[in-house]
Structures are given as structure tokens and as C-alpha cells.
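>>> When you get a sec, could you give me coordinates for this:
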Amino acid sequence: MRRLRTILIAALFLLPGALRADEGLWLVQDLNSSIEKRMRERGLKMRARAIYDMDSPGAGVADAVVSLGGRYSGVFVSDKGLFLTSGRPAVSFIGKLGDAGKDLILDGFWSATEQHEIKVPGEKVYALKRVYDVTREYKDLILQLKDKSQAVQKLEKAYSEATKLTCFFHAYWEGEEAYICAYKVYDDVRLVAAPPAAAVLPGGEDGKWAWPSSRCDFSLYRVYEKGLPARISNSLIVSVDGYSKDSFTYVAGFPSSTGRTLSSEEYLFRENVARPMASRMGGARLAILEHWMSEEASVRSKYSVRANRLKEVLDRESASREMERSGKLLEKKTSFDELIQSRVDKDAKLGGRWSGVMDDLKESFGRIVPGEMDKTLREQTLVNGTFVGDYLVRAASASNLEEASDILFTAIRQTDPRVEKDLLSYAMAEYFTNLDMRYFGPYQRWIQDRFGYDWDAAAEYLWSRSLLSKPSITSALESVDDIKDDSLYKFLTDSPLRIYDLMEGHSSKLNEASLARSEYLKARYWAGVRNNDPDYPDADGTLRLAYGTADGNFTTAPMLLEAMGPSASNRWKSALEKDFWGRWGFRVNGKRHGMATCFSTNIDFAEGMEGSPVLDPQGRLLGIVSGGTPAGIAGREMYVEGGTGTVCVDIRFILWTIDRYAGYKRLLKEFVID
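Numbering: from 1, shown residues only. This is a model prediction of the structure:
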């Protein structure tokens, strides 16, 4: 709760109205003259075609931006394949190296030569080369093939063969716009450098949403081709001039879904159906874990990570709700939907099709509420109610007995019977008490008839007869199919999801709601087009641009020292404590050689933008995105437009770390510094 209060108190300084950001997360191919004009009025000193130019691949800023495995963004900083991104993927990779990675976690990893750069198995880097508008082709193929998935496959195959690149299809506004994004994919990716883990995200994942926040969140990777560093056509120039209050900045990256295009009716549906139940039951599961963790160290070692993840989800959920209420998100969505309906009603061409689009949406989503509540209850009890349940389901789907046995023995090692029985007992109480018996499978009915309301006895019965109760029973397993006779597996899978969709025509009601949402999105799109008020679609992992201003706030090294705590190495602490920044320092607060570790902007943030380049009006690199300011907690599903901001790592601090802490001049020479 103390952590949550910190987040909420900080959020008070970033409510909508305190900071104003222009609408961001524009598709790079949509940088038209209207958007360019607004950006230039704010301070952009370059043409939009210098950011992305479909006619000159390799020449724009966008050509230097990459996606790391679809999880993080990054930016090329040299023509030898060196790119800068968040430090979190590096810390995760180093943590998997076992004993060999312990010192690297403590002091950081710094490759002495290219030969010492470590290949990351399975990692891929995606560099966008061109975006093709295939709207007409897509619509024609749907008419021809009568199948959307076949149309998509045909387009991706045709463009991949024609371009010799990896092509992905993206449709927006229910197919009113469609694009093929062509990528060059690098599958030889090597870790070059990473700071100490304690410095990358000193406040843990919660620190990702905090401001003020001081951290050294970066890492360096290199892409290779045919065993040699890849030759890159465009890398960014670094600026050490810094930024000032209200100076123009922009970000290019690959944000994931934000839920921005949720209508007010969909928002209410989520608020009233899934979220309350998930929060209540998640809180009860966390209480069970915390009780047992306080009793025994052995239980704590098995469940501490799970408890922390669950607590983080609940904390973020509470903070999201607070930000949504403070930002009046429902009011904003309702007002926007009323504007759409008004525009439709005033336009004869649109009104003929969408005159009642909002009423249809409200009615259709209202009809699916009971069935979706039942499905949510099933998910929170039978699917998420225990941890061992997931192991059993995965083992029953294993390709062979050896794989299944490994999964089951992992479950035995990593769980505790007492905890799992308490979780199961609670899940059974919620399931049998709150769900209509017509959903119960025959085995579940038998369990209820035998034990009545004695959930503890029922849980004990199921557990004592499960493969997971004793290693000797698991060792005697003869086939994967035998797992499906396991008592606990049978109980958890005795009420399949298809029953819920078939009950009272729920599946057809879902289709009606889906069609209503489709018509809403089309109406929203055309209402914007015909009123010369362009809209941008929800983020989907494609390259986007967002712009705004630096707010003049920054954090310093002493704050980082305080945040790291005792886990940081003495070497790293000593480097920061010396307070000597050399050529990378600048005058701040009357001191000649100060150092900013992080700074903030009012640019909208979304998951996936971590590692994105933060650029000045000339397109030079000022830093990289590390996370979002507190309002960004609501971002993934309940996007608060204009109510969030980015926390950025200053490029000068990154360069100092490479130069003064690590002493790696060879890496420094690859950067082009203005």
C-alpha cells in the first residue's frame, strides 16, 4: 500500500490539465501535411519526409528505429549494427546465465571486443523498410475469397516474395485502411553492454511508473549478418545540447495495444464485468499466499515472485481506476461518442448507415453481460484459481511422456500442497456458490453432491488423488492420456468454455456485439475523414510517432544512489559518488558539471515504447524512453489520452556510463556526436 500511495500522490501532479500533450501514436505513414504543420508550429525543424519517406527507404529517422522481439523499441546509433534500447531485456537475459551471470548482474556486462559480444538465442530485431497501402487490394480479395484470413495470407505471401522482406498485414477501422509493413529481420543479435541490474530499474517494475525517478535503464546490442556486424544505412546523431522547459521533442517506437478506440459502452462493459471480479478474487488469492508466506520460509521462496506479480497487478489496477476517475475517462469517451453520433446524423451519406450506431452498441453489449460474467467467474476459479492447474493442463497437452513428466515434477518442486489446497478451496467456494449449476460438468456435480459446502474436504479429496500429491505417483505415469484421468485435472476441465458460449445463444449475442463494434469503428473513421479531423487507430505494435515537449524536470545521480539500496555493487556506487562527469556534464543549479540521469516529457506513453529514441527538433538523439509517468498505468486497456507522459534516460548519462564507468572508448567511438 505504501508503494501504491507513492504512485497516486505522484499522479496528482500529472492529471489532465497539468500537462497537455498533442494526440500522439500516429502511424508513421500518416505523417501528412496537416500533422507536419502542427509539429512545425510546436518547434519541429525538419520536414515530415525526413522522419519517414516511403519513396526513399533508408533515408529517414524511422529507418533507424527497430523493434526488439516485438517487446521493446530501440534505435541504431552506428553504421555497424549497434543499437540502443532498454536495459530490461539485457538484465533478463543475463539472469538466465546462472552462476556465470551473477557478477554481470552486479557490475554490468561490457564486451571487450566484438568477439566477446554474446549471442542471444532466439532473439530477433525488426527494422521497418517500407509500408504499403493495400486497402483496395484487401477489400477486393475479401470479395473474391469470402475469407479474411485467406486474404491476409495471400497479401503477406505476395509482398514477402516481391520485396524479399518479412511482411506483416495490419488492418484498421475494420478494414477501412489496410497496410503491409515490410521488415528486414536480423536473427543474429548479440548483447554488447548493459549497466548493473540495480541501476537499470532500481525501484523494480513499480519504478517504471514513478516520477520523479532516477535510473540507468539502457543496454546496447548489435545485429550481425553472415557473422559480421550488419551495415546500417541510417543511424541517429547524438545531441549533447540537452533540452529546456517546453522544448519540442518527439518519440518513434513500437507501442502495443492501448485500447484507445474503446467506445464508452465497451468501457462500461469492462468496468462492470471483468475488472471487479478479477480484483476481488485476486485480492483473496494474494491474502492466502501472504498468510502462508508469513508462516514458513520454504513457502516464501516458492511463492514470493508470484505474490509480487499478483500484488503488482492489483496495485496497478487500483491506480488505474484512480487515474481514470481523476481523468474523467468515461466522460471523455461519452462526449467523443456523442460527437461521432452528431456528425453521423448531420451527414446524409453517413446517417443512412449509422444513424443508430451508439444505440445498437449499447443494446448489444448489454445482452452479453450475464454470459460474460459467467465466463469471467470460470476463468477466475477454474483457470486462474490455482497455480498447479496450469501445470496439469500443460502436461496433458504435452507431445510426449517425458515432457509431461518434466512439467509435473516442476509443479511438485515449485508449489506447496497446503497453499494449493487453500487456493482450490477458495476457488471451489466461489465457483459453486456464484455460478448456475447448469454449467457444472458431471464430475463437478458428483463432487458437490458428496461434499456439499465443505470446500476444504472437497479440496483435500481432489488433491490426495492427484498425480501431484506424491512424486511416486507421477513417476508411475504410463502415458500422457493418463493425466486426463487425474482427479484435479478432471475437476478443473469439467466445465469447458464452449458450454458458456452455447448457453442461451450467447455465441450469437457475441457476434452481434462484434458487428456493432465493427460498425462503430467504421462510423468513427468516416466521421473523422468527412469532417477533416483525422483520427489514428489503436496501437498494435507498428511504428508510431508521438510528439510533445520536455517539461524541464529531471533527476540526478544522488537520487539514483538512494533508490538503488544495498544490492548495488560498490564499484557502481563509487563511480556515482565521485560526482565527476567530465565532458558529459553540464551546468545545473549553479554547478558547473551536473548530470541529469532522467528527464520527463508530456508525450503519451504506451507499453512497447521502452527503448524508443527521444529526439530534438533536428531529429538528434536526446535519450531513450524508460517508462511512463503515473497516468500511464492505465494505458494498456484504458488509455488516458493526453494524461500521461514519458520518463526518459538522458543520452549524456548513457554516454558517461559507457565512457567513465565502463571505460569502453571503442564503443563510444561508434556514436556520432554533434
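>>> Mind jotting down where the strands sit in the stretch 51-200 of the chain?
Along the stretch 51-200 of the chain, counting by DSSP state E, counting those that start in this stretch, strands occupy 65-68, 72-76, 82-85, 109-110, 118-119, 125-133, 166-172, 177-186, 188-194.
>>> name the helices or strands packed onto the third one?
When contacts are defined as 3 or more C-beta pairs under 8 Å, 6 or more residues apart in numbering; DSSP states H and E, strand 82-85 packs onto strand 72-76, strand 219-225. In short, each C-beta sits where N, CA and C put it, glycine included.
>>> Identify, out of these, the most deeply packed stretch.
Burial among these, expressed as mean neighbours by mean count of other C-beta atoms under 10 Å, is greatest for strand 72-76, which shows a mean of 25.
>>> which strands and helices sit next to that one?
Judged by 3+ C-beta pairs under 8 Å, 6+ apart, strand 72-76 is in contact with strand 65-68, strand 82-85, strand 621-628.
>>> Can you show me the CA trace of the second one as PDB?
Presented in PDB, the C-alpha positions along strand 82-85 are these (Å, rounded to 0.1, in the frame of the first residue of the first chain):
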ATOM      1  CA  LEU A  82      25.000  -1.200 -32.800                       C
ATOM      2  CA  PHE A  83      21.600  -0.200 -31.300                       C
ATOM      3  CA  LEU A  84      20.400   1.300 -28.000                       C
ATOM      4  CA  THR A  85      17.400   0.000 -26.100                       C
END
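>>> Let's have the helices and strands packed on strand 82-85 in a markdown table, adding mean pLDDT and distance to Leu141.
Output for these, formatted as a markdown table (pLDDT from 0 to 100; distance: least, C-beta to C-beta, whole Å):
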| stretch | mean pLDDT | distance to Leu141 |
| --- | --- | --- |
| strand 72-76 | 97 | 31 |
| strand 219-225 | 97 | 34 |
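>>> Of all those strands, which one is nearest Gly619?
Gly619 sits nearest to strand 72-76 of all the helices and strands packed on strand 82-85, at 11.3 Å, using C-beta to C-beta.
>>> Residues in contact with that closest one: which ones?
Residues outside strand 72-76 that contact it (C-beta atoms under 8 Å, 6 or more residues apart in numbering) are 64-68, 82-86, 88-89, 125, 221, 232, 234-236, 252-254, 608-613, 621, 624-625.
>>> From the helices and strands packed on strand 72-76, pick the one with the highest average neighbour count.
strand 621-628 (a mean of 28).
>>> now the helix or strand following that strand against strand 621-628, angle please.
Per DSSP states H and E, the first helix or strand lying C-terminal to strand 621-628 is strand 646-650. Here the directions of strand 646-650 and strand 621-628 differ by 140 degrees (axes from the mean of the first three to the mean of the last three C-alpha atoms, to 10 degrees).
>>> Could you list every helix and strand in contact with strand 646-650?
If contacts are counted by 3+ C-beta pairs under 8 Å, 6+ apart, strand 646-650 sits against strand 596-601, strand 621-628.
>>> Walk me through the domains of the chain.
What automatic domain parsing lists as the domains of the chain is 2-124+187-257+544-668, 264-503.
>>> Could you verify my assumption that Val393 touches Leu492?
Yes - the pair Val393 / Leu492 is scored as a contact, 7.4 Å apart, by C-beta atoms under 8 Å.
>>> Compare the two and say which one has the larger neighbour count.
Neighbour count, other C-beta atoms under 10 Å: between Val393 and Leu492, Leu492 has more, with 25 against 16.
>>> which stretch of helix or strand covers that one?
If you go by DSSP H and E, Leu492 is part of helix 487-493.
>>> I'd like the helices and strands packed on strand 72-76 as JSON lines, with mean pLDDT and distance to Ile603 appended.
Converted to JSON lines, these look like this (pLDDT from 0 to 100; distance: least, C-beta to C-beta, whole Å):
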{"stretch": "strand 65-68", "mean pLDDT": "96", "distance to Ile603": "15"}
{"stretch": "strand 82-85", "mean pLDDT": "97", "distance to Ile603": "18"}
{"stretch": "strand 621-628", "mean pLDDT": "93", "distance to Ile603": "8"}
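>>> Which one of these lies nearest to Met54?
Among the helices and strands packed on strand 72-76, strand 65-68 comes nearest to Met54, with 15.2 Å by C-beta to C-beta.
>>> what's the single longest helix in the protein?
The helix spanning the most residues in the chain, taking DSSP state H as the definition, is helix 297-326.
>>> related to what we said a few turns ago, among the helices and strands packed on strand 82-85, which comes closest to Glu372?
Nearest to Glu372, of all those, is strand 72-76, at 32.9 Å by C-beta to C-beta.
>>> Adjacent strands (with direction) for that closest one?
Here strand 72-76 is paired, per DSSP bridges, with strand 65-68 (antiparallel), strand 82-85 (antiparallel).
>>> what comes into contact with the last one?
Counting by C-beta under 8 Å, 6+ apart, strand 82-85 makes contact with 66, 68, 72-77, 125, 192, 218-223, 229, 235, 610-611, 613, 624, 654, 667, 670, all of which sit outside it.
>>> Likewise for stretch 388-397?
382-383, 404-405, 407-408, 410-411, 415, 420, 466-468, 480, 483-484, 486, 488-489, 492-493.
>>> Now, the residues you listed that are in helices?
Short answer: the contacts of stretch 388-397 in helices (DSSP H) are 404-405, 407-408, 410-411, 420, 488-489, 492-493.
>>> Sort out which of these are buried, if you could.
404-405, 407-408, 411, 420, 488-489, 492-493 (16 or more other C-beta atoms under 10 Å).
>>> Which one of those residues is nearest to Leu143?
Thr493 (41.2 Å).
>>> If we ignore the residues flanking it in sequence, what's nearest the closest one?
Val393 (7.1 Å; C-beta to C-beta, 6 or more residues apart in numbering).
>>> how would you label the one you found: helix, strand or coil?
helix (DSSP: H, G, I helix; E, B strand; the rest coil).
>>> shared neighbours, Val393 and Leu492?
With C-beta under 8 Å, 6+ apart, Val393 and Leu492 have no common neighbours.
>>> Contacts for stretch 122-133 next, please.
27-29, 54, 57-58, 62-63, 65-70, 74, 83, 159, 163, 165-166, 177-187, 189, 221, 223, 543.
>>> Of these, grab the buried ones for ChimeraX.
Written as a ChimeraX command, the selection of buried residues from those, which uses 16+ other C-beta under 10 Å, is:
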select :27,28,29,57,62,63,65,66,67,68,74,83,159,163,165,166,177,178,179,180,181,182,183,184,186,189,221,223,543
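>>> Any idea which of the strands of the stretch 51-200 of the chain has the lowest pLDDT on average?
Lowest mean pLDDT of the strands of the stretch 51-200 of the chain: strand 109-110, a mean of 90.
>>> pLDDT score for Pro630?
The model reports Pro630 with a pLDDT of 62.
>>> mind listing what Leu350 touches?
By C-beta under 8 Å, 6+ apart, Leu350 lies in contact with 343-344, 523, 526-527, 530.
>>> what's the spacing between it and Gly528?
11 Å (C-beta to C-beta, to the nearest Å).
>>> and if you look at Ala575?
As for Ala575, its distance to Gly528 is 52 Å (criterion: C-beta to C-beta).
>>> Show the low-confidence segments of this structure, by residue range.
Applying pLDDT under 70 to the chain flags residues 1-23, 56-59, 98-103, 203-209, 319, 323, 326-327, 587-593, 630-644.
>>> residue at max distance from the center of the protein?
Taking C-alpha atoms, centre = their mean, the residue of the chain most remote from its mean C-alpha position is Arg450, at 44.8 Å.
>>> Can I take it that that residue is in a helix?
Yes - the assignment for Arg450 by three-state DSSP puts it in a helix.
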